[in-house]
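A.B. asks: Everything below, folded, please.
(2 chains)
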Amino acid sequence: MPKDPSIRKVLVIGSGPIVIGQAAEFDYAGTQACIAVREEGVEVVLVNSNPATIQTDPDTADRVYIEPLTVESLRDIIEKERPDGLIATMGGQTGLNLAVDLERAGVLSEFGVRTLGTSTATIRTAEDRQMFADLMMATGQPVLAHVSVSDLWQARDFAARRGFPLVVRAAFCLGGTGSGHARDEAELEEMVTTGLHESPVSSVLLERSVTGWAEIEYEVLRDAEDNAIIVCNMENMDPMGIHTGESIVVAPSQTLSDEDYQRLRTASLEIVRSLGVVGGCNCQFALNQQTGEFAIIEVNPRLSRSSALASKATGYPIARVAAKIALGYTLAELRNEITGASACAEPALDYVVVKLPRWPFDKFRNVDQRLGMTMKSTGEVMAIGRTFEQAFLKALRSLDVGSAWLKVSPSWTEEKIAECLAHATPERPAAIYNAISRGWSVEQIAKLSRIHPWFITRIAAIYSMEQRYRECPTAATLKEAKRMGFSDDHLLELEGSVHSSEQERLQKSLDLRHRVRDMGMRPTYKMVDTCAGEFAAMTPYFYSTYEQEDEAKPMPGPKVIVLGSGPIRIGQGIEFDYSSVHAVESLRAAGIKAIVINNNPETVSTDFHLSDRLYFEPLTVEEVLNVVEHEQDGLLGVIAQFGGQTALNLINPLVAAGVNILGTSPESISIAEDRDKMARLCEQLGIPAPRWAIAHSHTELASFAPEIGFPVLVRPSYVLGGRGMRVIHSEEDLQAYLGGLGEQLRKHPVLVDQFLQDATEIDVDAVSDGQNVFTVVMEQLERAGIHSGDSTCVYPPQTLSAEVICQVESYTRSLAQHLKVAGLMNVQYAVKDGTVYLLEVNTRASRTVPFASKATGLPLARIATQAIMGTPVSEIELNQKRVTGKVSVKAVVLPFKKFPTLLPVLGPEMQSTGETMGIAPDFATALRKARLGAGYSPDAPADLAMHPAVNTAVRP
Amino acid sequence: MGDTLSGLLVMSDGTVVRGRGGGAPGLAVGELVFQTGMVGYQEALTDPSYAGQILIFTYPLVGNYGVGEIGNQSRRIHPRAVVTHELMSSSGHRSSDNGLDDMLRVQGVPALYAVDTRMLTRKVRMHGVIPAAMSVAPEEKLPSVAELQALAASLNYDSVDFVVECTTPRAMWHPPSNPDGRRVVLVDYGAKQAILDYLLEGGAGVWQVPATTTAEEILSLQPDGVLLSNGPGDPSRLDYAVNTVRGLLDQGSVPVFGICLGHQLLALAAGGQTSKMRFGHRGINQPVLEVATGRVSITTQNHGYMVEPGSIPAEYVVTHTNLNDGSIEGIAHVSRPVWGVQWHPEAHPGPADTRRLFDRFLQSREVANA
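C.D. replies: Predicted coordinates for the structure are as follows:
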């Protein structure tokens, strides 16, 4: 059936703030869905509380509501907009739950809103574990022995009959919240109690544990006429017992035979049909590889993290097709826009995709790092290669953590390795690698880890390649290693290369690069085309490998490369992807071809529809240089200021290799990053800054601190992001601190800063062309000292005097002019007793750019991109366009619930995962909305007092 | 795993690809084709329809889960040679007892790997299937490029009858599990094991007969239905087979079901025509539309020839088309239980979405000659 003509206006629900278990994948899905619906001439009304999303841009939907995702606010919107239909499957668990609540509350029937695509009845059946299990049994699908309980007594009874271990799962919860393995009565009691509390319907499922079985997923699309296809299957390298969001995942499956594959495929189709899904659905199976027995574990009748991964892994736009299906189209009527072939065909891959999770344990060091059924990771990376080894090595590099490859850890005891193999932590791949390096057998490692021997053999192949290259670094082994996916830096280390400086290391790395080129080896780019080359595709979506034929014929210029920001982590989230996407849109609007390099499968920036070309690659110097070399003709340069610290870190080596960085010059960037140089600039410009010093000894510290004046902020200089910070209030405090420091001081000097107690912090985002500077001044509600990423902030400022704002704008202007900033700049100030102090300057897009853009109604990242490309910033025009008469508040979401051992206190280190926005004519309402969106109780404005840091002056 | 062997492939147009050699050392000449399945390499290799061809697997990792008896669709490997990106050793599977490399070696099939299979695939897609010659040998013993090119150029795939090497040498009776089961004649042009398995699982007793069996001989077995199997090569040169099918259509009213080559033979016997496709359909993801219902099934396919649109005689209708390119995927007689499908409803490898066609065949009854 073609599109249903009675659908003229559709409501799409977003997923709200980024939390662990629900990240950028829903902005990707939601944005794609909005575009697909609007293409059909249907009006889109979008609701989401998260401003850092492309879907809440005025261009994505016809009407955008940045409002809390609650029944009350949705009711108001539905009453006003009167949509014909609702698409609930694009907003994650949040969207799904809200749709069910809206139906329960009678809102949908009251206003005659139809649920488009998968019905709420289907959603309920799929989400209610007992109803789902009953349906599966009725249709002959294997399920695990289980019981649904609503109190502890029932749980104990089941355990007494079945025995331990048991799996505990809370109903209607995202990211595995409230789920886990109970090995004994005590654990059962604790988990069931928590689960009942977490579950919005106070229901917990207990089931037979199949820890150690393989976990396999199928992504299914079905239309209303019962056509159904598998878009992609995926194999979790980590076995059952570890949440798929915490698992290393490969696509397609690697260890399944045709028989295995088809049995699970057939089951997936039967399950989705029996549920009556109309749209996308993810099916998770447990498979016992020894016996062939399998069971359906759960389904997600919506777009999900897995569907985003499947889309990026195959090039098949699941959200787009699901949206068309929701409007009434059948799969048979839709074409694959890439190949012109049918959208009803199942993609064939001719490469291997590896996904690795990114965990926040660099931020949260004292939490339980064992992986299990609850999600703890904040983001993920994906890599594409022609072999598992190649994709895996690329994925490791993409993570942007400590080491870019696995290393031998001589300090690990055999016991530690065995422990880490048996109880997974983020270090498990390293444990496998170390076990191999010590001669453990594949069987032994497989037995301990329950990971399929195939994967261990592949990691062993990497280890053995390393050994061969180490022993014999000839042209032949070099070729072999490059083909397997080794980076130049990795090979350099294997050659035993030592260097005394970063510069020398870079030079050696570039030398190796030339050696590889001299051998006639250079990366070839292959297309992701959904069909393994069977049809002529035009997808602008490529990955590198070392082979014979290159398919990415360089594009004619003018063109610009935009560096993405990699995996989502605390401190570098979706906000940077938002800015990258805007940069791309701005370039394309100006007739410049935009090339994106990024490795995060969840994001809008890695949707190949967005850019002229997408290189899905690790963000390393080598891989970026490869693309630069490849696209050299007509390349104007590289924009790095939208990709967070990940992209910024690449600037110096790229410049050293001769790459043109567009926007603010690398020299200016380095001034902003250098405390000494910044201090001199402040002095020169007459901008007050907190007094500071670097103490190299106890004596220095003892004399500097009183000189600067108590209270002072002290922190070891070698740590970043606010780790180990302390406020010293008095001479006594100082003596105590000195006593605890010991020898450490000799190696790592301590930074001493004047601490501005009870100061008000100000966040400024500015766009500059080097001369003209447009500023957006935001006031933080928490006092200075709380990380700006964790603080609530308001635009326009509520308590700052006109003089202070004027001062801040003037300082910002002179900083931008002196640093010749071209593009975005973020400056943080503190005001104390009427004096404005400069705290920090970042010559790049900041976390607040999306909020500032939405609060002012001005797309800052786009304007910045124009400035980078040479269009002057027109302050007068921008100021005229600025939204007035509204107050916007940004509130944050904190992950304390996921990490029960964390102290729920804000500090100088950022801990929040996401943000919400409240817009209203007055401050109090805006704050209430923002906090409501972030999940705080609407009736408890007093709980602001729980934040010890909130400035009393701004409490409503 | 064949570390000391090299591989060299030369196409008739002079394209040269060098890589590592696996499987058995030797020389092979065949039509270069690709197939896009991501699983089921053993089922594909033992599919007799690949006889006379050199098979490129587009999925780069081939051999991951080994090989075992359950994966065999016939008694041996039929492609003349195999090209893969990686020839993987097995890490074990409950159904496997050997590695793919070993199976190739034992059966004398050379394999070329560590080559850019996507480049080769794109070449075949753009230029169509192409004759090629391949050698696997120690580096110093590889023949010259010119030698291989000459061999490749000498191949005339379309003129060879590959059915004779694939069909059963003599008629075989497979008794039914159910004594009341129907009696089916399976005309074997290179039938896959799964066709026989599905018929037997459906309760039928099966006479598996050689491709050269005449219509009279088939009808003398008093079948309740005749299944024309899949098989290799150009259907238009198989006059004996076309005559047999024509005889079945003219002399009897027995239900006839053609699969792949069998479907093409049915079309030819009915008066239609077949033609060679540029690079065919080979994979396990082909969408087929049932014209009458609008329903789509995902199918396994392996064919390089097709029934010409517009050549279908009036008493036949096109029942299925390919959603990708619109080509004919199924035809049926308007009033008699006679039909053919271009795809492989027996799966193995691939989806079992259309297995119901076997039930339909086994339930169909003779009707009076219209």
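A.B. asks: beta partners for B:Ser6?
C.D. replies: Legend: beta-bridge partners of B:Ser6 under DSSP bridges are B:Arg20, B:Ala137.
A.B. asks: What's the local residue count around it?
C.D. replies: Residues lying near B:Ser6 (other Cβ atoms under 10 Å in any protein chain shown) number 20. For the C-beta atoms, the positions are set from N, CA and C on the backbone; glycine is no exception.
A.B. asks: now do the one 4 residues further on
C.D. replies: Here the number of neighbours of B:Val10 (other Cβ under 10 Å) works out to 26.
A.B. asks: ok but it is inside a strand, no?
C.D. replies: Yes. Assessed with DSSP: H, G, I helix; E, B strand; the rest coil, B:Val10 lies in a strand.
A.B. asks: Assign the residue nearest to it when sequence neighbours are not counted to helix, strand or coil.
C.D. replies: Of all residues not flanking B:Val10 in the chain, B:Leu148 sits nearest, at 3.8 Å (Cβ to Cβ, 6 or more residues apart in numbering or on different chains). Here B:Leu148 is helix, with the state taken from three-state DSSP.
A.B. asks: Neighbours of A:Leu654, how many?
C.D. replies: Going by other Cβ under 10 Å, the residues that sit close to A:Leu654 add up to 22.
A.B. asks: residues in contact with the helix or strand harbouring it?
C.D. replies: Assigned by DSSP states H and E, A:Leu654 falls within helix A:651-656. Applying Cβ atoms under 8 Å, 6 or more residues apart in numbering or on different chains, the contact partners of helix A:651-656 are A:503, A:506, A:510, A:621, A:624-625, A:628, A:638, A:640, A:661, A:666, A:669-670.
A.B. asks: Now find how far off-centre the helix or strand following that helix is within its chain.
C.D. replies: Note on helix A:651-656: by DSSP H and E, the next helix or strand toward the C-terminus is helix A:666-673. For helix A:666-673, the separation from the chain centroid amounts to 27 Å (computed by Cα atoms, centre = their mean, to the nearest Å).
A.B. asks: For helix A:666-673, name the packing helices and strands.
C.D. replies: Counting contacts by 3 or more Cβ pairs under 8 Å, 6 or more residues apart in numbering or on different chains; DSSP states H and E, helix A:666-673 packs against helix A:651-656, helix A:675-685.
A.B. asks: buried sites along the longest one?
C.D. replies: Applying a neighbour-count criterion of 16 or more other Cβ atoms under 10 Å in any protein chain shown, one finds A:678, A:681-682 buried in helix A:675-685.
A.B. asks: can you redo those as TSV with pLDDT?
C.D. replies: Below are the buried residues of helix A:675-685 laid out as TSV (pLDDT from 0 to 100):
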residue	pLDDT
A:Met678	92
A:Leu681	95
A:Cys682	94
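A.B. asks: and which of these is nearest A:Tyr218?
C.D. replies: A:Met678 (54.0 Å; Cβ to Cβ).
A.B. asks: The closest one reaches A:Val841, doesn't it?
C.D. replies: Yes. Assessed by Cβ atoms under 8 Å, A:Met678 is found in contact with A:Val841 at 6.5 Å.
A.B. asks: which neighbours do these two share?
C.D. replies: By Cβ under 8 Å, 6+ apart, the residues touching both A:Met678 and A:Val841 are A:Ala672.
A.B. asks: show me where the stretch 601-750 of chain A has helices.
C.D. replies: Secondary structure of the stretch 601-750 of chain A by DSSP state H, counting those that start in this stretch: the helices cover A:621-630, A:644-648, A:651-656, A:666-673, A:675-685, A:698-708, A:731-741, A:744-747.
A.B. asks: residue boundaries of the strands in the stretch 801-950 of chain A?
C.D. replies: Per DSSP state E, counting those that start in this stretch, the stretch 801-950 of chain A carries strands over the ranges A:822-832, A:835-842, A:887-893, A:914-920.
A.B. asks: Likewise for the stretch 51-200 of chain A?
C.D. replies: For the stretch 51-200 of chain A, the strands defined by DSSP E, counting those that start in this stretch occupy A:63-65, A:85-87, A:114-115, A:146-149, A:166-170, A:180-182.
A.B. asks: Show me which residues of the stretch 51-200 of chain B sit near chain A.
C.D. replies: B:58-61, B:64-65, B:70-71, B:85-86, B:89, B:91-96, B:115-119, B:121-122, B:125-126 (Cβ under 8 Å from any Cβ of the partner chain).
A.B. asks: Please indicate which of those residues are buried?
C.D. replies: Burial by neighbour count, 16+ other Cβ under 10 Å: within these this picks out B:58-61, B:64-65, B:70-71, B:85-86, B:89, B:91-93, B:95-96, B:115-119, B:121-122, B:125.
A.B. asks: Please flag which of the residues you listed sit within strands.
C.D. replies: With strands taken from DSSP state E, the overlap with these comprises B:61, B:86.
A.B. asks: Give me the contact list for the one helix or strand A:Ala481 maps to.
C.D. replies: Assigned by DSSP H and E, A:Ala481 falls within helix A:475-484. Helix A:475-484 has contacts (Cβ under 8 Å, 6+ apart) with A:387, A:389-390, A:393, A:461-462, A:465, A:468-469, A:491, A:515-516, A:519, A:521, A:545-547.
A.B. asks: ok, now stretch A:37-46?
C.D. replies: A:3, A:7-12, A:14, A:30, A:34, A:55-56, A:60-65, A:77, A:81, A:83, A:87, A:323-324, A:326-327.
A.B. asks: before we move on, back to that, quick one: average pLDDT of the helix holding A:Leu654?
C.D. replies: The pLDDT scores in helix A:651-656 average 94.
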